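Student: Here's a sequence, model it:
(4 chains)
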4 protein chains.
Amino acid sequence: MSSLEELAQKLAAPRVVWLMLPAGDPTRDALRQLASLLSPGDVVVEGGNSRFSDDTEHAALLAEHGIGYVDCGVSGGVWGRENGYAVMCGGSDEHVKRVWPLLRSLAPEEDGIVHAGPVGAGHYAKMVHNGIEYGMMQALAEGYELLEASEYVPDVPKVLASWRHGTVVRSWLLDLQVRALEADPELAALSGRVDDSGEGRWTVEEAVRLAVSAPAMTAALYARFASRKPNAAQLKALASMRQQFGGHAVHAAATDGN
Amino acid sequence: MSSLEELAQKLAAPRVVWLMLPAGDPTRDALRQLASLLSPGDVVVEGGNSRFSDDTEHAALLAEHGIGYVDCGVSGGVWGRENGYAVMCGGSDEHVKRVWPLLRSLAPEEDGIVHAGPVGAGHYAKMVHNGIEYGMMQALAEGYELLEASEYVPDVPKVLASWRHGTVVRSWLLDLQVRALEADPELAALSGRVDDSGEGRWTVEEAVRLAVSAPAMTAALYARFASRKPNAAQLKALASMRQQFGGHAVHAAATDGN
Amino acid sequence: MSSLEELAQKLAAPRVVWLMLPAGDPTRDALRQLASLLSPGDVVVEGGNSRFSDDTEHAALLAEHGIGYVDCGVSGGVWGRENGYAVMCGGSDEHVKRVWPLLRSLAPEEDGIVHAGPVGAGHYAKMVHNGIEYGMMQALAEGYELLEASEYVPDVPKVLASWRHGTVVRSWLLDLQVRALEADPELAALSGRVDDSGEGRWTVEEAVRLAVSAPAMTAALYARFASRKPNAAQLKALASMRQQFGGHAVHAAATDGN
Amino acid sequence: MSSLEELAQKLAAPRVVWLMLPAGDPTRDALRQLASLLSPGDVVVEGGNSRFSDDTEHAALLAEHGIGYVDCGVSGGVWGRENGYAVMCGGSDEHVKRVWPLLRSLAPEEDGIVHAGPVGAGHYAKMVHNGIEYGMMQALAEGYELLEASEYVPDVPKVLASWRHGTVVRSWLLDLQVRALEADPELAALSGRVDDSGEGRWTVEEAVRLAVSAPAMTAALYARFASRKPNAAQLKALASMRQQFGGHAVHAAATDGN
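Tutor: Sure, this is the predicted structure:
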């Protein structure tokens, strides 16, 4: 990968390098390369979606060469370019100070950057942020389905649109839901299969590790898991037990098209 | 409905009449008829799957005519004829005593009948029984799917079969799951759409009324709801928000066949 | 209650009366009085926290006297006076049009009022709004506890404060959480007993009635239930089973102060 | 630790050694010692509560010395001595065959032992068994609390006792719950703080890794987490948001004794 070498040569020391690669091997491989290409006093910002627990090892790898490390979680999605991103970073005071001007270019609002703690804290804060995001989205989605299912509310998008003003649930996620409904009032273009990314899973793993009850976040993650398996083994197991004890009519695999 | 009249005429007073009809109007209509056909001192056993909250009204209707009322929940499924049923009944001591020999014919085991409390208590106890049943089934089903999903356990039915002996989870529901897997080791004949009956819903309603946290029972009910809606509105809502904020690739309705 | 009589006399017909009383008997009693005090062509706005299912009966009661009925849910809390409230109303076009200027005085923003549907729709929309509110609050609260429990983030209020800018979770509830932490950074003045109001319960009841899976909203409600019962019967039951099968050490009632 | 050396010397080759130590370092240390003390052809049975993911490494450690490894999960609690245990084991056919007579002495029932799969499968099966156990216990406990909270059922232990006969929920856990209530009908001697062991947590971690929705098992784990934190940070956070938006009365930390 000649580009990293070129990059290192073209930058004047002390250098700050922002890395934003898929988590896992791509990030690790690039960090190993950078460890040999950069110089003491340089700092690498790991701005990808790595698990916070990778950061200690990454930082140690660079520290052997006198290179600093700041982990950085970024929120804001495709709207960040317009609205400014939110940046959460972890690392030593010295290293974070070094990269602050770079972070500021992403997050122009005074309070849009936070130095969340030591190495790992940036990705940790971002992970929890995403766990909350999962839970909030699930709550909104449940409410949307309730309104759609009810006989009381004929125009659900209109109600959601009104909630942007003055309610307790006003939020950016609500704004986005309203936008989506403006474009496609019945969400007819979308299937019900919902993907998940690592952060939602890691949040639940952390809840388990720290013995913190996290039922809303976990419900959100599980709803996504279930959405991708309409004939999950657990559902067949339920049907089979019902059939055994009750002689209940069950849905045959052949007849209902799944 | 001449049959109820004939029935009333053919039985010698004091009569005991066992009613087992669909809950709601059919049961209510039959009780109204019986109120005029039976005599003071007779007792009606309401052995259907009525909501416990109907029983007070039913009992009052008959009490106006001096007729006793016992509500009765029966468990055991299609196996009851062979193994004996379990009977939970509600009513006054006097009325329950009158119908005991009848109940005994269903539940020959000494402890297989319980006088659970006043009118309503029979259906109430049966409802909670079914709520527990939902939760236990869900736990078993989740475990089954975990084993099936894992790379560690090649023959899942064999493991479940072994659990019938000496384990903490040994239970009739496990026995039934093992039977179902003996007949169809991959449960290939079944779809993943799982119905629910009233009791599971009423249990959650009671949890809400009584401010009792009931997450396992409720999870079981919701898993069944979700199983019947692979493209539920809430899932499309989630997908639409992801698309809005992240530019995430989503699954189009047209392409994945649901 | 002479005040209602006086009120009716002092207003010039056609009158609009806003009722905001505790749900249940107080509201029902006042409506009965108004039915006899008001005149055909008048309209009553029921702006309390009634269950949506009461509205049909309430409207019918007034309709007998030619009096219109609009049900109305209001969100915005104690901040509404400053920020404007959000208003959701249900009723006929004619009646809603009559009361619109009154509603506008509460919700000055153009889109802050919504005519959600026929009678009942106002309270219905407000109920679902509150269900979503429960779920969002729970997600935020879980995230807060995770950050507090983790060894990675030394200053949790600072991280939450930063999230108000540019993140996916930015929301009014987050703003309020940040405010609360500014006033009491460890929330030391509060106990962990959390009350619930009717709307959260009704939302779960509706989820059950409509067969809509609502795990995040329900988790939020159950977390509040559990918060008020540190020695709930279910917990003792769990401890007792563990003791039975495992000889597990359990916590004695006497020694841990609950 | 001279005892392991003595043990190795006293046994005639080919030896089978059953190890049952706390998971983690104690088990790992003992396996390292055994690796040097035993001879090719010997087999070690790791019968403790290790995480299944440790087994591969453990087996490899012994395989370097030509020593076989079988991981083994045992269920049955303190009753196993009387009733026979249930044994789930993982390893090669050759090694499992070698240790079978030993396992048979624990589980005399023909089907009470299962060779669940390769190394790790024994602990894996036991882990999922325990996850199911958590879910079943939670379902029973919720049902118990509902009956206790209801005004319909005056003698809850009597109803549970009757369920041992003919019902769908009959199970060993129900038997144990009935026993516990016989000894202490109000479970007055127990507090509501419920511990958890590793298996419940690992099951949820596996559900997350394998993208299997496991809401009942997870609800059970979270109920235990919450039981130990009556003033959890998340509850204070909920109370603080309510206070902010609603001016809701909240419970002060000082006044309710927690």
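Student: mind listing the helices in chain A by residue range?
Tutor: Using DSSP state H, the helices found in chain A span residues A:2-10, A:25-37, A:52-63, A:80-83, A:93-106, A:121-149, A:156-162, A:172-183, A:198-210, A:215-227, A:233-246.
Student: close to chain B, is the shortest one?
Tutor: No. Counting by Cβ under 8 Å from any Cβ of the partner chain, chain B is not contacted by helix A:80-83; separation bottoms out at 9.6 Å. C-betas here are computed from N, CA, C, even on glycine.
Student: thinking again about what came up before, so which of the helices of chain A comes closest to residue C:6?
Tutor: Closest approach to residue C:6 among the helices of chain A (Cβ to Cβ): helix A:156-162, 34.9 Å.
Student: what's the spacing between residue A:222 and residue A:229?
Tutor: Per Cβ to Cβ, to the nearest Å, residue A:222 is found 11 Å from residue A:229.
Student: And those two? Which one has more around it.
Tutor: The neighbour count for residue A:222 versus residue A:229, taken as other Cβ atoms under 10 Å in any protein chain shown, is higher for residue A:222 (28 against 19).
Student: how about that one, what does it touch?
Tutor: The contact partners of residue A:222, taken as Cβ atoms under 8 Å, 6 or more residues apart in numbering or on different chains, are C:215, D:207, D:213, D:214, D:215, D:218.
Student: and of the residues you listed, the nearest to residue A:252?
Tutor: Of all the contacts of residue A:222, residue D:213 has the smallest distance to residue A:252: 23.1 Å, by Cβ to Cβ.
Student: What residues does that closest one make contact with?
Tutor: With contact taken as Cβ under 8 Å, 6+ apart, residue D:213 is in contact with A:222, A:223, A:225, A:226, A:229, A:232, A:234, B:142, B:223, D:207.
Student: residue ranges with poor pLDDT in chain A?
Tutor: When residues are selected by pLDDT under 70, those of chain A lie in A:1-2, A:254-258.
Student: Write out the residues of chain A neighbouring chain D.
Tutor: Within reach of chain D by Cβ under 8 Å from any Cβ, chain A has these residues: A:168, A:196, A:201, A:204-205, A:207-209, A:211-215, A:218-219, A:221-223, A:225-226, A:228-229, A:232, A:234, A:245.
Student: Narrow these to those that are buried.
Tutor: A:168, A:196, A:201, A:204-205, A:207-208, A:211-215, A:218-219, A:221-223, A:225-226, A:228-229, A:232, A:234, A:245 (16 or more other Cβ atoms under 10 Å in any protein chain shown).
Student: on that earlier part again, got the helices of chain A as TSV, with distance to residue A:112 columns?
Tutor: Output for the helices of chain A, formatted as TSV (distance: least, Cβ to Cβ, whole Å):
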stretch	distance to residue A:112
helix A:2-10	27
helix A:25-37	24
helix A:52-63	20
helix A:80-83	10
helix A:93-106	8
helix A:121-149	13
helix A:156-162	27
helix A:172-183	14
helix A:198-210	19
helix A:215-227	24
helix A:233-246	43
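Student: Nearest to residue D:102 among the ones you listed would be which one?
Tutor: The nearest among those, by Cβ to Cβ, is helix A:233-246 at 33.0 Å.
Student: dump the residue contacts of the residue nearest to residue A:5 when sequence neighbours are not counted.
Tutor: Sequence neighbours aside, residue A:37 is the residue nearest to residue A:5 in space, at 5.9 Å (criterion: Cβ to Cβ, 6 or more residues apart in numbering or on different chains). By Cβ under 8 Å, 6+ apart, the contact list for residue A:37 reads A:4, A:5, A:8.
Student: Next: residue A:218.
Tutor: Neighbouring residues of residue A:218 by Cβ under 8 Å, 6+ apart: A:204, A:207, D:215, D:218, D:222.
Student: one more time with 6 Å
Tutor: By Cβ atoms under 6 Å, 6 or more residues apart in numbering or on different chains, the residues touching residue A:218 are A:204, D:218.
Student: Just give me the longest strand of chain A.
Tutor: Longest strand in chain A, counting residues (DSSP state E): strand A:68-75.
Student: follow-up on the earlier one: which one of the contacts of residue A:37 sits closest to residue C:137?
Tutor: Checking the contacts of residue A:37 against residue C:137 with Cβ to Cβ, the nearest one is residue A:4 at 45.4 Å.
Student: ok, that closest one to chain B distance?
Tutor: 27 Å (Cβ to the nearest Cβ, to the nearest Å).
Student: shouldn't that residue be in contact with residue A:33?
Tutor: Yes. With contacts counted by Cβ atoms under 6 Å, residue A:4 reaches residue A:33, the gap being 5.2 Å.
Student: In terms of neighbours, single out the busier of the two.
Tutor: Between residue A:4 and residue A:33, counting by other Cβ under 10 Å, residue A:4 is the more crowded of the two (17 against 14).
Student: Could you tell me which residues make contact with residue A:31?
Tutor: Neighbours of residue A:31 in contact, by Cβ under 6 Å, 6+ apart: A:58, A:61.
Student: For residue A:102, which residues are in contact?
Tutor: Residue A:102 makes contact with residue A:16, according to Cβ under 6 Å, 6+ apart.
Student: run the last query once more with 10 Å
Tutor: A:16, A:17, A:18, A:43, A:45, A:47, A:70, A:72, A:87 (Cβ atoms under 10 Å, 6 or more residues apart in numbering or on different chains).
Student: from these, which single one is nearest chain D?
Tutor: Chain D has its nearest neighbour among the contacts of residue A:102 in residue A:87, at 23.7 Å by Cβ to the nearest Cβ.
Student: isn't that closest one right up against residue C:165?
Tutor: Yes. Counting by Cβ atoms under 10 Å, residue C:165 is a contact partner of residue A:87 at 9.4 Å.
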